[in-house]
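> give me a model of this one.
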Amino acid sequence: MDRYARWNALLEMLTEDGRVSVEEAADRLAVSHATIRRDFDQLAQQQMITRTRGGAVASGVSYDLPLRYKTAKHSAEKQRIGAAAAALVTPGMVVALNGGTTTTEVARALAVRPELTGHVDDAQLTVVTNALNIANELLVRSRMKIVVTGGIVRPQSFELVGPLGSAVLGEVTFDIALLGADAIDVRLGAAAHHEGEAGMNALMVARARRVVIIADSSKLGAHAFARICAIERVDTLVTDNGAGPDRIAEFEAAGVHVICA
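So this is what the prediction gives:
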C-alpha cells in the first residue's frame, strides 16, 4: 500500500471512528508504528486531522473529506451506478451534473459513448456542471459542449458555489439533472452536507424536466445538513444492489422509480 492509499485509509478510519491510535492503525494497515506516526504527522500538517498523544482524532472537516483524499470506497458500486445513470442520457439532451465521486463515474461513462460526442458547434450533448473535475473529465475525453457555472471553488469537492453560479443556472434549462447526494430519505428528501452545494443543486432541480438522484446504498435513509429537494421532485433514484427490498419499496411507494445497478 503506497502513502496516498494509506492516507485515504486513515482518513476513512477517522471519519468512521472519530479517533484512531497508532497501534490500531498499524495493525489494520499492516505497517510499522513509525510509518503511521509519519502519516499522522503529515496529515496534521495539512490540517486534515488533529494529532494526539498516541494517535489522531478527526478534525472539524472529517465529515466532508476533500475529494482528492476520498478512497475508492464502494468503487465497484459507483462505477455500475455511473453507467446506469449515464444510460438515461440520449443524444441532443442538455444535462446538469454536480460534483462528487459517483457523478465522476457518470461523467466517465458519458465520455466513452461515441454517439454523444461531436464537434463543438454540432455537439450531441450539452453538459452544464458546477464541478471543475467533472468538466475536466469530459473535456479531455470527449467533444461535448461543456458549460461551467461561475462561483467560488470548494476545495473539498471542486464544486463552484455562490451567487455567481446561481446567475448562470437561472438562465438555462435541463432535460435531465443527474445529481449526487450525501443522503436521500423518503421523508426528508435529498440532501448535502454543505449548504452552498445544496443551494446550487436545488437550482439545478428547479430548472430540470427530470431529476435523477445518484447515491450508493449507504446513503439511502441517511440524513445530511442541507436539503436539495423534496422526495416528490425526484423522478428516479439510481443506486446499487446493496439496497434492501424494504428500502426500495419505501422509495417506490413515494413515487420514485428505483434503478439498482
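> ramachandran coordinates for Ala198?
Per-residue torsions, Ala198: phi -60, psi -40 (degrees, to the nearest 10).
> typo on my end, it should be Asp175
phi -70, psi -40.
> quick one: the strands in the stretch 101-250 of the chain?
In the stretch 101-250 of the chain, the strands defined using DSSP state E, counting those that start in this stretch lie at 126-129, 145-148, 152-154, 159-161, 174-180, 183-185, 189-192, 208-214, 226-229, 236-239.
> what's opposite Ser21 in the beta bridge?
Beta bridges link Ser21 to Gly55, judged by DSSP bridges.
> for the strands of the stretch 101-250 of the chain, give me TSV that also has mean pLDDT.
Putting these into TSV (pLDDT from 0 to 100) gives the following:
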stretch	mean pLDDT
strand 126-129	96
strand 145-148	94
strand 152-154	92
strand 159-161	94
strand 174-180	98
strand 183-185	97
strand 189-192	97
strand 208-214	98
strand 226-229	97
strand 236-239	98
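> could these be laid out in TSV, adding mean neighbour count and distance to Gly55?
C-betas here are computed from N, CA, C, even on glycine. Rendered in TSV, the data for those read as follows (neighbours: other C-beta atoms under 10 Å; distance: least, C-beta to C-beta, whole Å):
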stretch	mean neighbour count	distance to Gly55
strand 126-129	24	39
strand 145-148	18	41
strand 152-154	16	29
strand 159-161	25	32
strand 174-180	26	32
strand 183-185	23	29
strand 189-192	24	30
strand 208-214	22	35
strand 226-229	22	32
strand 236-239	24	35
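> out of those, which comes closest to Phe40?
Set against Phe40 and scored by C-beta to C-beta, the strands of the stretch 101-250 of the chain come closest in strand 152-154, at 25.2 Å.
> need the contact partners of stretch 33-45.
Applying C-beta atoms under 8 Å, 6 or more residues apart in numbering, the external contacts of stretch 33-45 come out as 3, 6-7, 10-11, 22-23, 25-26, 29, 49-51, 55-56.
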